[in-house]
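1. quick one, fold the following:
(one chain, ligands or ions: 1)
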Amino acid sequence: MIYLDNAATTKMLEEGADLYKKYACNSFFNPSAGYGEAIQIKKELDNVRKSIIEKLGAGKGDVIFTSGATESNNIAIMGSKRNGKCEYVFSIGGHPSVYNVAKELERLGNIVHFVGLTKDGKVDCDALCSCINDHTRLISIEQINNETGAINDIKQISRIRNKYAPQALLHIDGVQAFCKLDTTFIGNDVDFYTISAHKFYGPKGVGALFVRNLNTIKSIVFGGGQENGYRSGTENVGGIIAMGLAIKQNETEYDYKYVANLKEKMIEILSKDENVNIDKINGSPYILSVWFNGVNGETLMRALAEKGVIVSTGSACSAKKVGNRVLENIGFTKDQIKSHIRISFCSQLSFEDIDKSGQIIIDVYNDIRKRVL
Ligand code: PMP
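-> As a prediction, the model looks like this:
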């Protein structure tokens, strides 16, 4: 099998799985307990917190461990809400775990603005400038769009916030960027930053929220007071430690370049077919959007899976939805959206994998095309 759906999830590191087992079966103590063994676990969790803060290059801040990015996004957005009606600005390109929270805030009577995307899939910064003001409580933007790979310039967005709405909190969903691109330059510009371990070779069901100043949020989960009271519930110790290992062993500058070359190679192979349209935006090296003229993306995805090549028709989380909010906003037609496939890479792939899967994609596509024409 050649797995090209790494934006949906990645294969966990074997050493991470071994560590998980160690913390499940041997060092299985509850980090909130008072005896030495438990205190040691707490220290180890704190080391993972430090590694996240370091990776973001943040001068100060805290980390709340969560069950993944969905929960981190909910805590940042709902937790920073203040009494009464608040005003918000969201990217229309946000993952459902942001977008649906925004819709809920709207339903509750808050003022919610959605900022559209430019042709290259980035948040439209002119539109952003025009909808933030003295009342904006929070701005929430994805660093890398999970469907198109478009990269938003967080430094620029932070400058806009500082100029037009310095009181506004800035939340960044960093799920598709953390441990994939250099993030050490943004830590001091953001108030909240969301990560999810399974997107960078860690376990599923574990994530974190970086919070610059804990006074800006209130708990939305009540219970035993773990995670400084901001996320009650016993921590997923093995998962967090395995996430820590994945952070330590994460991609280097060399890996980014390697993955960018894999993507280039795939573009080169697919471009040979004139009916294949490739999104050439200068986005994340890890994500490639492709349109296959005249063929339904869903049909192609299933046929490819039968041949051992795994791709997706977009975000796994929105795969069941009709239409596509993100692609529609960028301006793609219904036919283009129907024929869209997302190919997403990781550094564990070889050039041989790309050669092989690229050819299979072309062959399977032409096979279906001949049948439907
Ligand atoms: N945000 C983005 C940008 C994502 O790509 C995803 C996963 N597709 C999530 C949030 C949700 O992550 P999790 O599965 O950890 O809840």
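
2. where do the helices of the stretch 201-350 of the chain begin and end?
-> Under the criterion DSSP state H, counting those that start in this stretch, helices of the stretch 201-350 of the chain are mapped to 237-248, 253-271, 297-306, 325-330, 334-338.

3. now do the stretch 1-150 of the chain
-> Under DSSP H, counting those that start in this stretch, the stretch 1-150 of the chain gives helices at 14-25, 36-55, 69-79, 96-107, 125-131.

4. any idea which of those helices is most buried?
-> Comparing those by mean neighbour count (mean count of other C-beta atoms under 10 Å), helix 69-79 ranks first with a mean of 24. No exception for glycine: its C-beta is placed from N, CA and C like everyone else's.

5. just the angle between that one and helix 96-107, please?
-> 30 degrees (axes from the mean of the first three to the mean of the last three C-alpha atoms, to 10 degrees).

6. residues from the stretch 1-150 of the chain in reach of the ligand?
-> G68, A69, T70, H95, S97, E142, N146 (C-beta under 6 Å from any ligand atom).

7. farthest pair in these?
-> G68 and E142 (15.3 Å; C-beta to C-beta).

8. neighbour count winner among the two?
-> E142 (28 against 23; other C-beta atoms under 10 Å).

9. give me the neighbour count for the nearest residue to that one once chain neighbours are set aside.
-> Spatial nearest neighbour of E142, excluding adjacent residues (C-beta to C-beta, 6 or more residues apart in numbering): D173 at 4.4 Å. By other C-beta under 10 Å, 31 other residues sit near D173.

10. can you check the one 4 residues further on too?
-> A count of neighbours around A177, defined by other C-beta under 10 Å, yields 24.

11. again, but for R212
-> Quick note: R212 (other C-beta under 10 Å) scores 21 neighbours.

12. chain center to the helix or strand of the chain with the lowest mean pLDDT, what's the gap?
-> Least confident helix or strand, the chain: helix 334-338 with a mean of 91, by mean pLDDT, DSSP states H and E. Relative to its chain's centre, helix 334-338 lies at 24 Å (C-alpha atoms, centre = their mean, to the nearest Å).

13. return the distance of the longest helix anywhere in the chain from the chain's centre.
-> Across the chain, the longest stretch assigned as helix under DSSP state H is helix 351-372. With C-alpha atoms, centre = their mean as the basis, helix 351-372 stands 28 Å off its chain's centre.

14. can you offset everything so residue one is 26?
-> With 26 as the first residue, the last one maps to helix 376-397.

15. what angle sits between that helix and helix 322-331?
-> Using the same axes, to 10 degrees: helix 376-397 against helix 322-331 is 130 degrees.

16. list the helices and strands helix 376-397 packs on?
-> strand 27-28, helix 278-296, helix 322-331, strand 334-335 (3 or more C-beta pairs under 8 Å, 6 or more residues apart in numbering; DSSP states H and E).

17. hey, least reliable of those by pLDDT?
-> Note on these: helix 278-296 shows the lowest mean pLDDT, a mean of 94.

18. list of residues touching that helix?
-> 205-207, 276, 301, 303, 305, 310-311, 313, 315, 368, 370-372, 374, 376, 379-380, 382-384, 386-387 (C-beta atoms under 8 Å, 6 or more residues apart in numbering).

19. do that again at 6 Å, thanks
-> Applying C-beta atoms under 6 Å, 6 or more residues apart in numbering, the contact partners of helix 278-296 are V301, I303, P310, Y311, L313, F370, S372, L374, I379, G383.

20. ok, and for that helix, which residues are buried?
-> D280, Y281, Y283, V284, L287, K288, K290, M291, I292, I294, L295 (16 or more other C-beta atoms under 10 Å).

21. next, the angle from it to helix 376-397.
-> Interaxial angle of helix 278-296 relative to helix 376-397 (the same axes, to 10 degrees): 30 degrees.

22. could you check the pLDDT of A344?
-> On the pLDDT scale, A344 gets 48.

23. also D30?
-> Confidence score, pLDDT, at D30: 98.

24. D378 contacts I27, doesn't it?
-> Yes. The criterion here is C-beta atoms under 6 Å, and D378 meets it with I27 at 4.9 Å.

25. tell me the buried residues in stretch 350-365?
-> V351, L352, N354, I355, F357, Q361, I362, K363, S364, H365.

26. farthest pair within these?
-> For the buried residues of stretch 350-365, and using C-beta to C-beta, no pair is farther apart than N354 and S364, which are 17.8 Å apart.

27. which residue is the nearest non-sequential neighbour of G269?
-> V73 (3.6 Å).

28. how close does the one you found get to the ligand?
-> Plainly put, V73 is 16 Å away from the ligand if you go by C-beta to the nearest ligand atom, to the nearest Å.

29. surely that residue is in contact with A267?
-> No. Contact criterion C-beta under 6 Å: V73 and A267 do not qualify, at 9.6 Å.

30. any idea how far E276 is from the ligand?
-> On the measure of C-beta to the nearest ligand atom, E276 and the ligand end up 17 Å apart.

31. that residue: how many residues sit nearby?
-> The burial count for E276: 20, using other C-beta under 10 Å.
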